[in-house]
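Chemist: I would like the atomic coordinates for the input below:
(4 chains)
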There are 2 protein chains.
Amino acid sequence: MSGKKSSLTVADVARAAKVSKATAARVLGGYGIASETARKAVLEAAETLGYQPNDLARSMSTGRSGLVGVIVGDIENAFFSQAVRGISDRLRAADLNLIISNSSERLSEEIEMVSVLLRQRVAGLIVAPTDARRVDHLKAAVASGTPVVTLDRRSPDLEVDAVCGDDRGSVAQVLHRLHEEGHRRVAYVTAMMTADGRLGKLEDIGISAVRERISSFLAQMRDTGVETPADLVFTGASDDGSTADIVTRILAQSPSITAILASDSLIGARIFRELSDRGLSLPQDMSLVSWFDADWTRVTSPRISVVDQPTYQFGQKAAERLISRLKGDDSPAQTFVVATPLVERGTIGAPKGRGPVEIPD
Amino acid sequence: MSGKKSSLTVADVARAAKVSKATAARVLGGYGIASETARKAVLEAAETLGYQPNDLARSMSTGRSGLVGVIVGDIENAFFSQAVRGISDRLRAADLNLIISNSSERLSEEIEMVSVLLRQRVAGLIVAPTDARRVDHLKAAVASGTPVVTLDRRSPDLEVDAVCGDDRGSVAQVLHRLHEEGHRRVAYVTAMMTADGRLGKLEDIGISAVRERISSFLAQMRDTGVETPADLVFTGASDDGSTADIVTRILAQSPSITAILASDSLIGARIFRELSDRGLSLPQDMSLVSWFDADWTRVTSPRISVVDQPTYQFGQKAAERLISRLKGDDSPAQTFVVATPLVERGTIGAPKGRGPVEIPD
DNA sequence: ACAACTACTGAGACCGGTCTCACTATACAT
DNA sequence: ATGTATAGTGAGACCGGTCTCAGTAGTTGT
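Modeler: Got it, this is the predicted structure:
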């Protein structure tokens, strides 16, 4: 029954309340002072007129924008959507809203999104940078006064707060546990693409979390006697077909691989499905550990052992840091490492037919 | 090496290019006409100065904002995050960005978010309304000129485009299939809360998709001879504990319930886990069909039969409709029903110990 | 009674764009 | 030569808020 289309402004309210635009603005905007009389008149006029403030105009004149930009690799992935929820919940409490963007893990898109968000004059940015070596666009954002917090990943070139999991530590923990159980050759499977499907130089891995994990993986495997651990890293598990290929290659390796590490829950699900389809039973025929405690990991039999990355908390913490920066905190940039414990369920077991004895070449 | 903090404006560029602010704005804004000479000078000046347009100011003066508000029940839920991805992909192609909000399926929050988004002067709204009977806030948005599209749900009070699944049809299809297999008493489990844990009046169900499905469920069951089908609807399956209780109640019912319909993938996963934990095997001891084809449904054994709601497409379609409205399409509001086929996998089977024979009371 | 201070107010500049409009060239028609 | 388009331009109003600043009450001090 009200509000046609032309938006009414403080000026309209002021007129109705018979005060100046400045006074009406003070009351409506909640700043400065106004007499009780004026306040009541304005509020009443605003009420009956159905005044709705225009935040666009507000942020224009204040410079502050109440919007935070978030750039993730893929919201569809529970890893990120959970983090986004954490971010959203924290932001909401601070009266901030969130603009979501998807980089699809492509640098060019990430750069484009940063530019768009900066044009929108977002108050800050929470980003999962897709390439730790190419962060000029983020540096520029910081330089121009927009605080940035990185999520799940970090770049040595970027002096901003970061919230990460303990990537190196979790790999070490998982491998140690598997070694204990008797596993000597373990595969690491990641969705990351490489030119020839083989692992190249570590420095060429853009996503820092992946790099850290693989680096830790290689070091650990070498330590426990594997001579060419790079052969145990399988890249490009980005869909069902490529994952099936990888599983085939894993099963074909000799001396045989007895356990698989899945870099994320999507890969974990695919590998699990692939193994079951081939009639293998876990953990007898193969042990499996996946990163991220997705829904499905407690629904399989046996249940999947996971490295639990509490991404909701990642998100919360990242939002907290950003809010704190927005409030003027200018302490040195810090990296917050969130514990990512191994949750052992049913897919870790002794490799079939052999115990802790090393198999000779 | 550039861009300190004070933002530079068209005026600055104009000065550097020795043209008027108006001309510089025309070149930079890509509207009106300008000579080749002027254009080059402005572009060059903008380049060397590192000019970044201010979209805030732009939308202020144009009135249009390049931002679309999206309100979902819970981004963490794959159902919605997938839809958001669909929305995001389509919006991006139309140079629109997306502000995400979570209503947590609470009307009060939904109302608040609509208000916030409207203040931000979003160009349009895509909403999964949590209560079809309380849509005044959305009506107001439409009345004030902000197009709205509802996602997965619709309200008879709201004359806007809606993108929904075929809720009635899918229930009918699933029940028909189960009936064929010999099932007579089927349970429907939903997360929706009711005051006393029992199903009240249908009209009191706020989420239209849920209401449609339950309504269809009741009708079908009654048609096939169940006298009090409301006893077969279990509400409040919102967490592990309450779902466990419901499973207990389902298993205790007599004459016995032989199949379960899970209203969403979260519930489906919980029920599956609960049934396995109790040593029941599917589909021999119980048939199960879940709505939404989540990741995990192909990872269990047996694989879960699902009603496939292609929410990515829901999202795409919704975004498409909104974009079309934004472009001025003012044809009558329409509801787009996306097919949601039953994908039969391993959890539909004949009920144990009895075939298509009706059991006497 | 006059100064000094406080509480409140309104006029108007400002944020950084868009966009209207009046105006100057030059081109073409008659 | 005069009239009439047509391309290009700049001055300045405008969007809807915020915020500075000068000014008007009213209060208190001495």
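Chemist: and the residue of the stretch 251-361 of chain A found nearest DNA strand C, what does it touch?
Modeler: Per C-beta to the nearest atom of the strand, A:L326 is where the stretch 251-361 of chain A lies closest to DNA strand C, at 18.7 Å. (C-beta placed from N, C-alpha, C; glycine too.) When contacts are counted by C-beta atoms under 8 Å, 6 or more residues apart in numbering or on different chains, A:L326 touches A:123-124, A:147.
Chemist: try A:D136
Modeler: A:D136 sits in contact with no residue, where contact means C-beta under 8 Å, 6+ apart.
Chemist: Check it and give its pLDDT.
Modeler: The model reports A:D136 with a pLDDT of 97.
Chemist: so how far is DNA strand D from it?
Modeler: 32 Å (C-beta to the nearest atom of the strand, to the nearest Å).
Chemist: A:L98 belongs to a strand?
Modeler: Yes - A:L98: assigned to a strand according to DSSP: H, G, I helix; E, B strand; the rest coil.
Chemist: Neighbours of it, how many?
Modeler: A:L98 has 23 neighbouring residues, counting by other C-beta atoms under 10 Å in any protein chain shown.
Chemist: Please report the distance of it from DNA strand C.
Modeler: Distance from A:L98 to DNA strand C, by C-beta to the nearest atom of the strand: 23 Å.
Chemist: show me what contacts that residue?
Modeler: Contacts of A:L98 (C-beta under 8 Å, 6+ apart): A:67-70, A:84, A:87-88, A:91, B:99-101.
Chemist: Helices - which of the residues you listed land there?
Modeler: Counted as lying in helices by DSSP state H, out of the contacts of A:L98, are A:84, A:87-88, A:91.
Chemist: Counting neighbours, which of those comes out on top?
Modeler: Busiest of the ones in helices among the contacts of A:L98 [other C-beta under 10 Å] is A:I87, holding 32 neighbours.
Chemist: That one touches A:Q313, doesn't it?
Modeler: No - when contacts are counted by C-beta atoms under 8 Å, A:I87 is not listed as touching A:Q313 (10.7 Å).
Chemist: intersection of neighbour lists for the two?
Modeler: Shared contacts of A:I87 and A:Q313 (C-beta under 8 Å, 6+ apart): none.
Chemist: partners of the nearest residue to A:T347 once chain neighbours are set aside in the sheet?
Modeler: Closest residue to A:T347 apart from its sequence neighbours, by C-beta to C-beta, 6 or more residues apart in numbering or on different chains: A:L288 at 4.3 Å. As for beta bridges, A:L288 partners with A:I260 under DSSP bridges.
Chemist: Let me see the contact set for the closest residue to A:E76 other than its chain neighbours.
Modeler: Once flanking residues are discounted, A:E76 sits nearest to B:R85: 4.3 Å by C-beta to C-beta, 6+ apart. B:R85 is in contact with A:74-76, A:102, B:312, B:315, counting by C-beta under 8 Å, 6+ apart.
Chemist: With pLDDT added, can I get these in TSV?
Modeler: TSV is the format used below for the contacts of B:R85 (pLDDT from 0 to 100):
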residue	pLDDT
A:D74	94
A:I75	94
A:E76	94
A:N102	92
B:Y312	98
B:G315	98
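Chemist: Return the subset of those residues lying in strands.
Modeler: A:N102 (DSSP state E).
Chemist: any idea which of the contacts of B:R85 is closest to A:S242?
Modeler: A:D74 (16.7 Å; C-beta to C-beta).
Chemist: Test my guess that the closest one contacts A:E109.
Modeler: No - between A:D74 and A:E109 there is no contact under C-beta under 8 Å: 11.2 Å.
Chemist: tell me, what's touching the two both at once?
Modeler: A:N102.
Chemist: could you measure the residue lying closest to A:A41 once chain neighbours are set aside against B:D136, distance?
Modeler: What sits nearest to A:A41 in space, not counting adjacent residues and going by C-beta to C-beta, 6+ apart, is A:A17, at 4.2 Å. Distance of A:A17 to B:D136, given as C-beta to C-beta, to the nearest Å: 26 Å.
Chemist: With A:P310 instead?
Modeler: Distance, A:P310 to B:D136, using C-beta to C-beta: 39 Å.
Chemist: Neighbours of the closest residue to A:W296 other than its chain neighbours, how many?
Modeler: Nearest non-adjacent residue to A:W296, counting by C-beta to C-beta, 6+ apart: B:W296, 2.8 Å away. Neighbours of B:W296 under the rule other C-beta under 10 Å: 25.
Chemist: What pLDDT is listed against the residue of chain A at minimum distance from chain B?
Modeler: Using C-beta to the nearest C-beta, the closest approach of chain A to chain B is made by A:W296 at 2.8 Å. In the prediction, the pLDDT value recorded for A:W296 is 90.
Chemist: Need the three-state assignment for it.
Modeler: Reduced to three states by three-state DSSP, A:W296 is helix.
Chemist: Identify the residues contacting it.
Modeler: So A:W296 contacts A:265, A:269, A:304, B:269, B:294-296, B:299-300 (C-beta under 8 Å, 6+ apart).
Chemist: rerun that using 10 Å as the cut-off
Modeler: A:W296 makes contact with A:78, A:265, A:268-269, A:272, A:290, A:303-304, B:265, B:269, B:272, B:294-300 under the criterion C-beta atoms under 10 Å, 6 or more residues apart in numbering or on different chains.
Chemist: Please apply the same query to A:I267.
Modeler: A:189-191, A:234, A:237-238, A:242-243, A:246, A:260-261, A:290-292.
Chemist: In this structure A:G206 contacts A:R134, no?
Modeler: Yes - A:G206 is in contact with A:R134 according to C-beta atoms under 10 Å; the separation is 7.4 Å.
Chemist: got any residues that touch both of those two?
Modeler: A:107, A:155.
Chemist: which of the contacts of A:I267 has the most neighbours?
Modeler: A:L261 leads the contacts of A:I267 on contacts (other C-beta under 10 Å) with 29 neighbours.
Chemist: How about that residue, nearest residue that isn't a chain neighbour?
Modeler: A:Y188 (4.7 Å).
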